[in-house]
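A.B. asks: Sequence and computational prediction follow.
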Amino acid sequence: MTPPERLTITGPEDILGFIPHSLGYWPANSLVAMTMQGKRLGATLRVDLPDLDSDPGLLRFARTVRDYLDADHDADGALLVLFSEEGWMDGSGGWPGGVPAGAPMEGTLARLLAALEVELELSGLPVRDAWYVGGSFWRNAYCFDPACCPFPGRSVDEIRDSRLNAEMVFRGSSVGEDPSSAGALPAAAAAEADACVLESEQQWSTEFAPLRGSCTQFAKILDVWGCVLADGGQGHLPAELSGYLRASLRIPHWRDAVLVMSAAGRPAAEQGAEDFGIFAPDAGLRVVSPPPGAWSALGPAEDMPDEGAFPIPGYGEVLLGLAPPSPRWDRMRALERVLQQLGMAGGGEGGAASLTGRAWIEWCRGRGSFAHALLDRAVAEHPGYRLAELLSELVSRGTLCGWAGRRDAAWQKFETDAA
């Protein structure tokens, strides 16, 4: 992974401008909570605002947020941002609805903020500041001075034009579409499926069928994937190799081994397969490999430099982000690039496997919204795809990947200083 960049935050516009770059999109109907470690920003959490207004329901929601933020053991405070039009904006012109100048906001959002303040204070994470952000205006939740904080608020253009936002754009960061609104691929994109890749995939699937329990074939699959990942996922994959890789992902324990290998190394992939007892005698079975010209140019698989530094974890520990202490984010990024290429060839089971693998990586990063959108697409491509359904249940319950809950292991797009 590229070393995290240090960014200086000087005011609320910079904090609010950092959030879309951190998430990858401008959130809507969301609570964004950020931990503080002294003057440094820590973890960032985004959750949908609760679809309820009862005090017991808001309290349960606040306690759930508190539990997430408690995972940052070095945190000593929190910042809260509520992205919503509800309660403080009214009408297409974006003028305040029933909130007199100089008075605190009332309604569900204000009660939610109050519940969060109580729960976080009790947990040792006092709320240091909070803001409301709508489609046109934003305002501080605690400033009621019309001279300082006039209604309806300050223009969101101040956020988009902030110094930090400009610096992020200059460094190559971009803010994309809300993943919840992305939906499935349009029909035109589906029509562009690579027939050569799909034909190759079907041929390889037929050849793989009698080799599902072959130890030597399993080793060959890891050899090929290791070489592809060592290339960083940057190069174009020939159709024959793409079909081979897509077909390999259609066998669940091979697919799981690829995910595990990317995060924890080949020994974990091999040991887990052995522990599950998937291998059968394969004497007399030939090993199926893609044509040498399709993958030999990629070079040998890169050795994992830290494979012996921790006990070899099991598949479940790796897939839930509980082990190793820190994953190989660079190798997982390479896997993501390869899966993106494979997914562009078409749908079906191979396409669903590619989308689900990408969703797992996003979930490991702590980006549940992106994971959820990819999983919805995977199930649409191949209804009943089991791994997608299981991961979707985890994401829907708000389960956090183990790595995402620990600062020393979490994927970080940026590192920030607040001044």
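C.D. replies: It's in.
A.B. asks: From here on, just use CA atoms for contacts and neighbour counts.
C.D. replies: Will do.
A.B. asks: any idea where the strands of the stretch 51-200 of the chain begin and end?
C.D. replies: 77-83, 127-133, 137-140, 154-155 (DSSP state E, counting those that start in this stretch).
A.B. asks: secondary structure element for the residue nearest to Ser173 when sequence neighbours are not counted?
C.D. replies: With Cα to Cα, 6 or more residues apart in numbering as the criterion, Ser173 has its nearest non-adjacent residue at 6.7 Å, and that residue is His21. Secondary structure assigned from DSSP states H and E places His21 in helix 12-23.
A.B. asks: Over to Leu7. Which of the three states is it?
C.D. replies: Under DSSP: H, G, I helix; E, B strand; the rest coil, the three-state class of Leu7 is strand.
A.B. asks: For it, which residues count as its bridge partners?
C.D. replies: When bridges are taken as DSSP bridges, the partners of Leu7 come out as Thr416.
A.B. asks: any idea how far Asn165 is from it?
C.D. replies: Shown here: Leu7 relative to Asn165, a distance of 11 Å by Cα to Cα, to the nearest Å.
A.B. asks: Identify all contacting residues around the helix holding His21.
C.D. replies: 9, 26-27, 44, 158-160, 162-165, 168, 173-175, 367, 413-414 (Cα atoms under 8 Å, 6 or more residues apart in numbering).
A.B. asks: same question, stretch 381-401
C.D. replies: The contact list for stretch 381-401, computed with Cα under 8 Å, 6+ apart, reads 68, 320-322, 347-349, 351-352, 356, 360, 363-366, 368, 371-372, 375-376, 378-379.
A.B. asks: Would you mind giving both backbone torsions of Met36?
C.D. replies: With angles defined as degrees, to the nearest 10, Met36 shows backbone torsions of phi -120, psi 140.
A.B. asks: shouldn't it be in contact with Gly42?
C.D. replies: Yes: taking Cα atoms under 8 Å as the contact criterion, Met36 and Gly42 are neighbours in contact, 5.3 Å apart.
A.B. asks: ok, and the closest non-adjacent residue to Val338?
C.D. replies: If the residues on either side of it in the chain are set aside, Val338 comes closest to Gly233, at 5.0 Å by Cα to Cα, 6+ apart.
A.B. asks: I'd assumed Gln340 was in contact with that neighbour.
C.D. replies: No: using Cα under 8 Å, Gly233 is not in contact with Gln340, being 9.4 Å away.
A.B. asks: Comparing these two, which residue is more hemmed in?
C.D. replies: Here Gly233 and Gln340 are compared on neighbour count by other Cα atoms under 10 Å; more neighbours surround Gly233, at 21 against 17.
A.B. asks: For my notes, confirm the more buried one occurs in a strand.
C.D. replies: No: Gly233 is assigned coil when assessed by three-state DSSP, not a strand.
A.B. asks: Now do the same contact list for it.
C.D. replies: Contacts were defined as Cα under 8 Å, 6+ apart; by that measure Gly233 touches 334-338.
A.B. asks: Touching, Gly314 and Gly272? I think so.
C.D. replies: Yes: judged on Cα under 8 Å, Gly314 makes contact with Gly272 at a distance of 5.5 Å.
A.B. asks: and for those two, which residues touch both?
C.D. replies: The overlap between the contact sets of Gly314 and Gly272 (Cα under 8 Å, 6+ apart) is empty.
A.B. asks: and Ile15, how many residues sit next to it?
C.D. replies: 22.
A.B. asks: how far does stretch 166-178 stretch from start to finish?
C.D. replies: 20 Å.
A.B. asks: list the buried ones in it?
C.D. replies: 168, 173, 178 (16 or more other Cα atoms under 10 Å).
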